[in-house]
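In: Sequence and predicted structure below; questions after.
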Amino acid sequence: MKSYLLLLLILITNAGFSQTTKTKRVILIGVDGMSPDGINNANTPYMDALVNGGSSTFTARAVLPTSSSPNWASMIMGAGPDQHGVTSNSWEPNKQTIKLECTGKKGNGKNSEMWPTIYGLLREQKTNSKIFCFHDWWDYGRLVEPGVCDKKKGPGLYGLIFQKGNKRAINRAKRIVKKKDFDFIFVHLDHVDHAGHHDGHGTPEYYKAVEYADILIGEVIQTVKDAGIEEETIIMVTADHGGIGKGHGGNTPEEVNIPWILKGPDISPGHKVNDEVNTYDTAHTLARIFALETPACWIGKCIDEIFID
Ligand SMILES: [Zn+2]
Ligand SMILES: [Zn+2]
């Protein structure tokens, strides 16, 4: 009897998120303002390797308006601004004007008074999960239910003053990866959006910024390899929106189209996604990877075709 129990325990602990998947961990790197054009025209060997070895589309879609908050929110909240109420960058949790059909929970189990995110779902349904969020743009932090992450860190004063929040976020993620003690790490990088506003999308400076994002992504990939967890880790790269001229917020393809790339143990290699992907499908797709029940109020879908069954 005892040995049966032990066997069962071994099976469960080795099973990852569910008994049918090899994946035990996910790292999602979100690059603010990085358009498919940016990846296509910059030298991006690391992202190219993710595309070639994984499943991807360069015509995934942001929500309108193509501003940062509505899009980061939609990505993690499995719904659009009409549902979750994050309609602009001036949104604050206590300034919710749209009546919410459902709400999530804070880390302490109390009502978050916010639309549920993938972070909150993971915390609620798999309470022992190790969840980390390192964001280069300060305002990202308010989109996540309070207390659901083990660590949630913004750029800090140093990062803000010296514009080093991107490197800081990556270094923080690398430290966690080395310890191999995580289920979900989210990293937000902001400098590509800065280049878009400062120099313009499609300029050499913009492509240079995309190349630096690629170098940082490469550092994470290498750290995952060095830690010996490549076979159990999905790495995902996406963006909130693209841009045109020196801005974004409108509805041109340049602003709306975003890259959507996943590579890892359960992901079909070299697969170009046929399905229409909206940024809010990211939350559903992550929920499948983590084997979580999704709330009925989420409107997106899981992109099932990327998985090796
Ligand atoms: Zn943005
Ligand atoms: Zn911007």
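Out: Thanks, I have the structure now. Ligands and ions are numbered 1, 2, ... in the order given.
In: Which residues are in contact with K246?
Out: 196-201 (Cβ atoms under 8 Å, 6 or more residues apart in numbering). Just so you know, the C-beta spots here come from the backbone N, C-alpha and C atoms, and that holds for glycine as well.
In: any chance of the residues you listed in a markdown table, with pLDDT, neighbour count and distance to N108 too?
Out: Below are the contacts of K246 laid out as a markdown table (pLDDT from 0 to 100; neighbours: other Cβ atoms under 10 Å; distance: Cβ to Cβ, whole Å):
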| residue | pLDDT | neighbour count | distance to N108 |
| --- | --- | --- | --- |
| G196 | 98 | 29 | 38 |
| H197 | 98 | 15 | 38 |
| H198 | 98 | 13 | 41 |
| D199 | 98 | 16 | 44 |
| G200 | 98 | 16 | 45 |
| H201 | 98 | 25 | 42 |
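In: count of neighbours near the closest residue to ligand 1 within the stretch 101-250 of the chain?
Out: Nearest to ligand 1, among the residues of the stretch 101-250 of the chain, is D240, at 4.2 Å (Cβ to the ion). For D240, the count of nearby residues is 28 (other Cβ atoms under 10 Å).
In: Spatially, which residue comes closest to it, not counting chain neighbours?
Out: The shortest distance from D240 to any non-neighbouring residue, by Cβ to Cβ, 6 or more residues apart in numbering, is to N71 (3.8 Å).
In: Can I get stretch 213-228 in PDB? Just the C-alpha atoms.
Out: What follows is stretch 213-228, C-alpha atoms only, in PDB (Å, rounded to 0.1, in the frame of the first residue of the first chain):
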ATOM      1  CA  ALA A 213      15.600  43.200 -26.700                       C
ATOM      2  CA  ASP A 214      16.700  40.100 -28.600                       C
ATOM      3  CA  ILE A 215      20.000  40.100 -26.700                       C
ATOM      4  CA  LEU A 216      18.200  40.200 -23.400                       C
ATOM      5  CA  ILE A 217      15.800  37.400 -24.500                       C
ATOM      6  CA  GLY A 218      18.900  35.400 -25.500                       C
ATOM      7  CA  GLU A 219      20.400  35.900 -22.000                       C
ATOM      8  CA  VAL A 220      17.200  34.300 -20.500                       C
ATOM      9  CA  ILE A 221      17.300  31.400 -23.000                       C
ATOM     10  CA  GLN A 222      20.900  30.800 -22.200                       C
ATOM     11  CA  THR A 223      20.200  30.900 -18.400                       C
ATOM     12  CA  VAL A 224      17.400  28.300 -18.900                       C
ATOM     13  CA  LYS A 225      19.800  26.100 -20.800                       C
ATOM     14  CA  ASP A 226      22.500  26.400 -18.200                       C
ATOM     15  CA  ALA A 227      20.100  25.600 -15.500                       C
ATOM     16  CA  GLY A 228      19.200  22.400 -17.300                       C
END
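In: same question for that stretch, mean pLDDT?
Out: Mean pLDDT, stretch 213-228: 98.
In: buried stuff in that stretch?
Out: Using 16 or more other Cβ atoms under 10 Å as the test for burial, stretch 213-228 gives 213-214, 216-221, 223-224.
In: which parts of the stretch 201-309 of the chain sit against ligand 1?
Out: Counting by Cβ under 5 Å from the ion, the residues of the stretch 201-309 of the chain close to ligand 1 are D240.
In: what's the nearest residue to the closest residue to ligand 1 within the chain if we skip its chain neighbours?
Out: Nearest residue of the chain to ligand 1: S68, at 3.0 Å (Cβ to the ion). Closest residue to S68 apart from its sequence neighbours, by Cβ to Cβ, 6+ apart: D240 at 5.3 Å.
In: From what I see, that neighbour and M75 are in contact.
Out: Yes - counting by Cβ atoms under 8 Å, M75 is a contact partner of D240 at 7.0 Å.
In: what residue ranges in this protein score low on pLDDT?
Out: For the chain, applying pLDDT under 70 flags the ranges 1-20.
In: thinking again about what came up before, how about the buried residues of stretch 213-228 in JSON lines, adding secondary structure?
Out: JSON lines is the format used below for the buried residues of stretch 213-228 (DSSP: H, G, I helix; E, B strand; the rest coil):
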{"residue": "A213", "secondary structure": "helix"}
{"residue": "D214", "secondary structure": "helix"}
{"residue": "L216", "secondary structure": "helix"}
{"residue": "I217", "secondary structure": "helix"}
{"residue": "G218", "secondary structure": "helix"}
{"residue": "E219", "secondary structure": "helix"}
{"residue": "V220", "secondary structure": "helix"}
{"residue": "I221", "secondary structure": "helix"}
{"residue": "T223", "secondary structure": "helix"}
{"residue": "V224", "secondary structure": "helix"}
